[in-house]
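K.L.:
sharing a model that was predicted from the sequence below.
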Amino acid sequence: MRARRTLKRIVAGALLSGGVAMAGFGLAAGSAQADPDHCSTRTGCYHGPGMRWCPGDYIWPALRATGWDLSECHVYHLAILDNPNADPNAVVEGPGPAPLPIPATPRACPPISFMCP
């Protein structure tokens, strides 16, 4: 009789601790989610093309001059990338021009060779 009571306590303790552990995992998974709608370059979570400004980030005079709706996020790039004579502080909406392709150069050695003459 005493063994049965001990076994019940062990099983109840295991179930209780397992339930607490599962609840902890559930809370941890929920708090690790980032809000993709307010992810800017400043916060470090936006790694797309160009830069991204979101509400709460610094508003410099050139940004205010764009006339953008500052209640939503914008992807932008510096205007100097399009026109070298542009104001260095001016910004243009959009991801920016594509990078120039790297010119292909002939190889002096085959890619597998470890010794070249």
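P.N.:
Cool, the structure landed.
K.L.:
end-to-end on stretch 75-83?
P.N.:
18 Å (Cα to Cα, to the nearest Å).
K.L.:
average pLDDT for that stretch?
P.N.:
Per-residue pLDDT over stretch 75-83 has a mean of 86.
K.L.:
report the buried residues of that stretch.
P.N.:
Neighbour counts over stretch 75-83 (16 or more other Cβ atoms under 10 Å) mark 75-79 as buried. For every residue, glycine as well, the C-beta is placed using N, CA and C.
K.L.:
in TSV, list these along with distance to R42 and secondary structure.
P.N.:
Shown next, in TSV, are the buried residues of stretch 75-83 (distance: Cβ to Cβ, whole Å; DSSP: H, G, I helix; E, B strand; the rest coil):
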residue	distance to R42	secondary structure
V75	13	strand
Y76	13	strand
H77	15	strand
L78	15	strand
A79	19	helix
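K.L.:
and those residues, which is closest to P101?
P.N.:
Checking the buried residues of stretch 75-83 against P101 with Cβ to Cβ, the nearest one is H77 at 18.7 Å.
K.L.:
measure that closest one to H47 for me?
P.N.:
Using Cβ to Cβ, to the nearest Å, H77 is found at 15 Å from H47.
K.L.:
same check on I102?
P.N.:
Between I102 and H47 the distance is 21 Å, computed by Cβ to Cβ.
K.L.:
just D82 next, same as before
P.N.:
For D82, the distance to H47 equals 22 Å [Cβ to Cβ].
K.L.:
L78 too?
P.N.:
18 Å.
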